[in-house]
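Student: Take a look and give me a structure for this.
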Amino acid sequence: MISLIDSGRFKGFELLESGLKAAMDDGSITQGDDRLIATSVWSMLHGLTSLLLNFDFPTEKSNDELISFTIDTFFKGLSRCVSGLTP
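Tutor: Next comes the predicted model:
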């Protein structure tokens, strides 16, 4: 059995998690659990990747624009929640 933690396949997640820890350390993200947020972002990106690979979306926007919008929307929602506003 291959362990994701021991393989290079897990390095992207570790990078994402360390970036979130840095954002928490500098006060950009003030609440939450870095591992939970990283897992959520990781899952969202994998789901989006799966959709883009398996379906032909009828959109005028490029895949890069769709990916950027999805990530921005996630973090804007996260910042609204951590600042005490309701989404």
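
Student: When you work out contacts or count neighbours from here on, use the C-alpha atoms and nothing else.
Tutor: Noted.

Student: Residue ranges in this protein under the pLDDT threshold?
Tutor: Applying pLDDT under 70 to the chain flags residues 1-10, 57, 59, 78-87.

Student: now the helices: where do they sit in it?
Tutor: Per DSSP state H, the chain carries helices over the ranges 11-25, 34-54, 63-82.

Student: can you redo the ones you listed as a markdown table with mean neighbour count?
Tutor: Listed next are those as a markdown table, based on neighbours: other CA atoms under 10 Å:
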| stretch | mean neighbour count |
| --- | --- |
| helix 11-25 | 15 |
| helix 34-54 | 14 |
| helix 63-82 | 13 |
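
Student: wait, what's in contact with residue 26?
Tutor: Listed by CA atoms under 8 Å, 6 or more residues apart in numbering, residue 26 has no contact partners.

Student: next one: residue 52
Tutor: Residues in contact with residue 52 (CA under 8 Å, 6+ apart) are residue 63.

Student: Distance of it relative to residue 21?
Tutor: Counting by CA to CA, to the nearest Å, the gap from residue 52 to residue 21 is 29 Å.

Student: for residue 47, same thing?
Tutor: Per CA to CA, residue 47 is found 23 Å from residue 21.

Student: Same question for residue 28.
Tutor: 10 Å.

Student: what sits in contact with each of those two?
Tutor: Counting by CA under 8 Å, 6+ apart, no residue touches both residue 28 and residue 21.

Student: Distance check, the spatially most central residue of the chain against residue 67.
Tutor: Nearest to the geometric centre of the chain sits residue 41, at 2.3 Å (CA atoms, centre = their mean). According to CA to CA, residue 41 stands 12 Å off from residue 67.
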